[in-house]
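A.B. asks: Quick one: sequence and predicted model below, then my questions.
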Amino acid sequence: MYDEEIEKTVLYYLIFENEQIDVREEDFFIQKHKQIVRAIQELKSKNEEVNILSIKNKIKGKDTEILIYISIIAESKYGSSINYAYKELKRLSKKRKLLKISKEIQESIKEESEIEIYIEKKIKELNEINQEGENEKTFLEILCETSDIIEKKRIQGTKYDYKYFTGIFDLDKATNGLHEEELTIIGARPGVGKTTFALQIAHKIASNGTPVSIVSLEMSETQIVQKLISKVANVDSNKLRTGNLNLLEQEKVTMAEGKISDLPLFINTRIRNIQEIEIYARKLKNKNNLGLLIIDYIQLVKSKNKFNSREQEVAEISRNLKLLSLELKIPIIGLCQLNRNAARSEPTLADLRESGAIEQDADNVIFIYKENEKEEPQLVENIVIDLQKQRAGGLAKVIVRFDKKVSEFKNLIRR
């Protein structure tokens, strides 16, 4: 599965036309061609000129033979265009790599115990092969795409796309909702309602038809669904746990269950590490067009890799979540515990527990805390939603009412 003339054509353009194309040693099948490409790559890495003599000097032992061979390539004056030759070279290279992967699968599949992880690993390898040879966008192309986006928004005017709005009016006014390719961190001390807040956002966005996944390392599937039913039915969540419901409440619960039964919500409480989260999210993106991923919460996530400290591990996790949002082109919400001293005052970015990398990787950071920390806990109390970082906009503080009985944050009535 190779074409000698195609390989010679690409080498001709690399050496004598100084074409700047992305080729690798493994894209070539013939050993002499591999040696020449390796020499060219070494020369380019050192910003040295690429010509017959410089290539000859890089190839030890067979320099005279290589010199004669390159001279023959130069005299041949290949007629194919570089675009055609490059695409054909990559096509044949991909075929060989696919054949290699298929053989590896046949040889190793019997010994694999974690079959789903193995499948996703191979899918990732196949995607990487498929992306080879894609030309990088020029700055002009990127500029034109950006200009088109700006123009579409100008024509749209004040008509917002409410797909990613959270339902918290003043927060949405400051952020225009969540955004694709952005990592949003929601930080709070225990008991303030960060899980409830994230679940409320999930319900709002799923209600618009956007598939949402919640990966919870803290609550069970039943606990999450009970919170959701409590909110939609406006029934005390404690009554759902005990089953102490009167007839009216039973009717409300039944109606709520009907309303949420068709929501594109996916709940996973079994995942424990960042690698599994990435695999799970990619599957949902491919199969169900995942639109939002929520992680509850970051400090409970582990990594299969080894680190010298927990801070390094959390740094890898937050970075991978940011990269995942870029790869899948979706917003990701990561819930986060705050340091203990955050309970004594209004939290700051420095209070993000275990890693400053979370602050760095996040596009947006939102803190949730009681308006009056000195007050005794109430079933209904004012909560501050404090937007302390927004990479693409300004900051804001929003006051809402948190009704713990029905697991809901409510907008305050404006006067």
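C.D. replies: Yep, that arrived. Residues are numbered from 1 along each chain as shown.

A.B. asks: Return the residues in contact with the closest residue to Glu7 other than its chain neighbours.
C.D. replies: Closest residue in space to Glu7, ignoring its immediate chain neighbours: His33 at 4.9 Å, by C-beta to C-beta, 6 or more residues apart in numbering. Every residue, glycine included, has its C-beta placed from N, CA and C. When contacts are counted by C-beta atoms under 8 Å, 6 or more residues apart in numbering, His33 touches 7-8, 11.

A.B. asks: ok, now how distant is His33 from Asp3?
C.D. replies: 11 Å (C-beta to C-beta, to the nearest Å).

A.B. asks: sec struct for Ile368, please.
C.D. replies: The three-state assignment at Ile368 reads strand, by DSSP: H, G, I helix; E, B strand; the rest coil.

A.B. asks: is it in a bridge, and if so with what?
C.D. replies: Under DSSP bridges, the beta-bridge partners of Ile368 are Ile385.

A.B. asks: you'd agree it is up against Gly187?
C.D. replies: Yes: Ile368 is within contact range of Gly187, at 7.4 Å (criterion: C-beta atoms under 8 Å).

A.B. asks: okay, now Arg241: neighbour count?
C.D. replies: If you count neighbours by other C-beta atoms under 10 Å, Arg241 ends up with 12.

A.B. asks: Same question for the one 3 residues further on.
C.D. replies: By other C-beta under 10 Å, the residues close to Asn244 number 10.

A.B. asks: can I see the domain layout of this structure?
C.D. replies: According to automatic domain parsing, the chain comprises the domains 4-131, 162-411.

A.B. asks: distance between the ends of the longest one?
C.D. replies: With C-alpha to C-alpha, to the nearest Å as the measure, the first residue of domain 162-411 is 17 Å from its last.

A.B. asks: quick one: that domain to chain centroid distance?
C.D. replies: Relative to its parent chain, domain 162-411 has a centroid offset of 16 Å by C-alpha atoms, centre = their mean, to the nearest Å.

A.B. asks: need the helix or strand of the chain with the lowest average pLDDT.
C.D. replies: When the helices and strands of the chain are scored by mean pLDDT, DSSP states H and E, helix 139-156 comes last with a mean of 73.

A.B. asks: can you give me the strands in the stretch 251-400 of the chain?
C.D. replies: 265-268, 292-296, 332-337, 364-370, 380-390, 396-403 (DSSP state E, counting those that start in this stretch).

A.B. asks: the inter-axis angle of the fourth one versus strand 380-390?
C.D. replies: Spelled out, it's strand 364-370. Here strand 364-370 runs at an angle of 160 degrees relative to strand 380-390 (axes from the mean of the first three to the mean of the last three C-alpha atoms, to 10 degrees).

A.B. asks: Just the C-alphas of strand 364-370, formatted as CSV.
C.D. replies: C-alpha atoms of strand 364-370 as CSV (Å, rounded to 0.1, in the frame of the first residue of the first chain):
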residue,chain,number,x,y,z
ASN,A,364,-15.8,31.9,34.3
VAL,A,365,-15.8,31.6,38.1
ILE,A,366,-19.0,31.9,40.1
PHE,A,367,-19.1,31.8,43.9
ILE,A,368,-22.3,31.1,45.9
TYR,A,369,-22.6,32.2,49.5
LYS,A,370,-25.1,33.5,52.0
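
A.B. asks: average pLDDT across it?
C.D. replies: Mean pLDDT, computed over strand 364-370, is 92.

A.B. asks: Also the third one?
C.D. replies: Averaged across strand 332-337, pLDDT comes to 93.

A.B. asks: Contacts for it next, please.
C.D. replies: Contacts for strand 332-337 (C-beta under 8 Å, 6+ apart): 178, 182-190, 194-195, 198, 201, 292-299, 318, 321-322, 324-325, 352-353, 358, 362.

A.B. asks: Narrow those residues to those in helices?
C.D. replies: 194-195, 198, 201, 318, 321-322, 324-325, 358 (DSSP state H).

A.B. asks: ok, the residue of the chain most remote from its centre to Glu48 distance?
C.D. replies: The outermost residue of the chain relative to its centre, with distances by C-alpha atoms, centre = their mean, is Thr64 at 50.8 Å. Per C-beta to C-beta, Thr64 is found 21 Å from Glu48.

A.B. asks: again, but for Ile294
C.D. replies: 51 Å.

A.B. asks: now do Asn176
C.D. replies: Distance, Asn176 to Glu48, by C-beta to C-beta: 50 Å.

A.B. asks: Please name the residues that touch Ser54.
C.D. replies: If you count contacts by C-beta under 8 Å, 6+ apart, then Ser54 has 39, 43, 48 around it.

A.B. asks: 10 Å - rerun?
C.D. replies: Counting by C-beta atoms under 10 Å, 6 or more residues apart in numbering, Ser54 makes contact with 15, 39-40, 42-43, 48.

A.B. asks: Low-confidence stretches in the protein?
C.D. replies: Counting by pLDDT under 70, the low-confidence segments of the chain come to 61-63, 76-80, 131-139, 141-142, 153, 156-161, 340-345, 353-356, 374-376, 414-415.

A.B. asks: Can you pull up the most central residue in it?
C.D. replies: By C-alpha atoms, centre = their mean, the most central residue of the chain is Leu324, 1.6 Å off.

A.B. asks: Next one: that residue from Thr166, what distance?
C.D. replies: From Leu324 to Thr166 the distance is 21 Å (C-beta to C-beta).

A.B. asks: can you give me the helices for the stretch 1-150 of the chain?
C.D. replies: Using DSSP state H, counting those that start in this stretch, the helices assigned to the stretch 1-150 of the chain run over residues 4-16, 31-45, 52-58, 63-76, 82-108, 115-131, 139-156.

A.B. asks: Pull out the buried residues from the second one.
C.D. replies: Judged by neighbour count using 16 or more other C-beta atoms under 10 Å, the buried positions of helix 31-45 are 32-41, 43.
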